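Undergrad: got a structure for you, letters missing:
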């Protein structure tokens, strides 16, 4: 009853709050308007979420008498028959009955079947049975081989295999290192030869000596050549200040034929008139002295 009066009071307060809000709170300002709106929402929430639902009355199930006999028309069913023995007693009686049947059936089986005596074994069969098939060795038949594994042998085999792999790897690495060193050395030598060839070929000594006032001492070999014979000229630098100008006669056969008995260092050489001896080549001139930085 009290909850109903409270809810009626809430509804009345909600209805009265609207005219009060518009008449008294709206002209006061924004702050009073917010406070009045919050108060109205609080009253509405109280009205919606308070109160409890009416309790519905429980439906009583009809009680049926347990011992009332069930009638199906004119037929009356008898009352159930209950056994006076318990479940344990019923199980024991069944076990006794089954054991009695087994004990009674055993003598009938033994009486119906007679034991048959063993047959006599002939001497030939005994002789054959005495011969073992393992005693005879037949070619082409595989024999049983039991493989035994020794942990020490397995470990040694693994170590040997690892060492063999390391040897092969070291040999490959050594060969590769040797090949790389040879390639590097050949490249270095080729660079040195190239630099020397560029230095020698890049200097035109004939043009350099043709310039007046070149400041170089030119040495001639031989000093007085024959003007009637064509000659080849070659320049060789001795050092920074000296150059050797070598004249080589190009008419070799005529000069050898004109002097059958040469004098000087070529006296011991065979002449061209001897048909048995081939003409040997002329000796090469002595190489120039090496160029030193001190000179």
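TA: That came through, no problem. As the structure is a computational prediction, the values presented were derived from the model and not from experiment. Numbers count the residues shown, from 1 in each chain.

Undergrad: Tell me the buried residues in the regular element (helix or strand) spanning residue 42?
TA: Element membership for residue 42 (DSSP states H and E) is helix 30-49. Buried residues in helix 30-49, defined by neighbour count with 16 or more other CB atoms under 10 Å: 36, 40, 43, 47. C-beta: built from backbone N, CA, C; applies to glycine.

Undergrad: And these, which is closest to residue 223?
TA: residue 36 (138.9 Å; CB to CB).

Undergrad: which SS state does residue 247 fall under?
TA: strand (DSSP: H, G, I helix; E, B strand; the rest coil).

Undergrad: What segments of this protein are strands?
TA: Using DSSP state E, the strands of the chain run over 71-72, 75-76, 217-221, 231-237, 242-249.

Undergrad: So in that sheet, which strands flank the fourth one, and in what orientation?
TA: Translated: strand 231-237. Sheet pairing of strand 231-237 (DSSP bridges) gives strand 242-249 (antiparallel).

Undergrad: domain ranges for this protein?
TA: Recorded structural domains for the chain (assignment: automatic domain parsing) are 2-49, 157-202, 209-252.

Undergrad: Next, format those domains as a markdown table and append distance to residue 90 and mean pLDDT.
TA: Formatted as a markdown table, the domains of the chain follow (distance: least, CB to CB, whole Å; pLDDT from 0 to 100):
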| stretch | distance to residue 90 | mean pLDDT |
| --- | --- | --- |
| domain 2-49 | 64 | 86 |
| domain 157-202 | 73 | 87 |
| domain 209-252 | 137 | 80 |
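
Undergrad: Adding distance to residue 150, write those domains out as TSV.
TA: Formatted as TSV, the domains of the chain follow (distance: least, CB to CB, whole Å):
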stretch	distance to residue 150
domain 2-49	88
domain 157-202	10
domain 209-252	80
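
Undergrad: what about the closest residue to residue 37 other than its chain neighbours, distance to residue 35?
TA: Leaving aside its sequence neighbours, residue 37 sits nearest to residue 21 (CB to CB, 6 or more residues apart in numbering; 7.4 Å). Using CB to CB, to the nearest Å, one gets 10 Å for the distance from residue 21 to residue 35.

Undergrad: low-confidence ranges in the stretch 51-200 of the chain?
TA: Applying pLDDT under 70 to the stretch 51-200 of the chain flags residues 51-85, 99-140, 145-147, 199-200.

Undergrad: go with 50
TA: For the stretch 51-200 of the chain, the stretches with pLDDT under 50 are 107-113, 123-135.

Undergrad: close enough to count as contact, residue 243 and residue 237?
TA: Yes: between residue 243 and residue 237 there is a contact at 5.5 Å, judged by CB atoms under 8 Å.

Undergrad: Comparing the two, which residue is more hemmed in?
TA: Legend: neighbour count by other CB atoms under 10 Å for residue 243 and residue 237, higher for residue 243 (19 against 16).

Undergrad: residues contacting the more buried one?
TA: Neighbouring residues of residue 243 by CB atoms under 8 Å, 6 or more residues apart in numbering: 205, 209, 216-219, 235-237.

Undergrad: who does it bridge with?
TA: Under the criterion used (DSSP bridges), residue 243 bridges to residue 218, residue 237.

Undergrad: cool, the one 5 residues further on as well?
TA: With beta bridges defined as DSSP bridges, residue 248 has these partners: residue 232.
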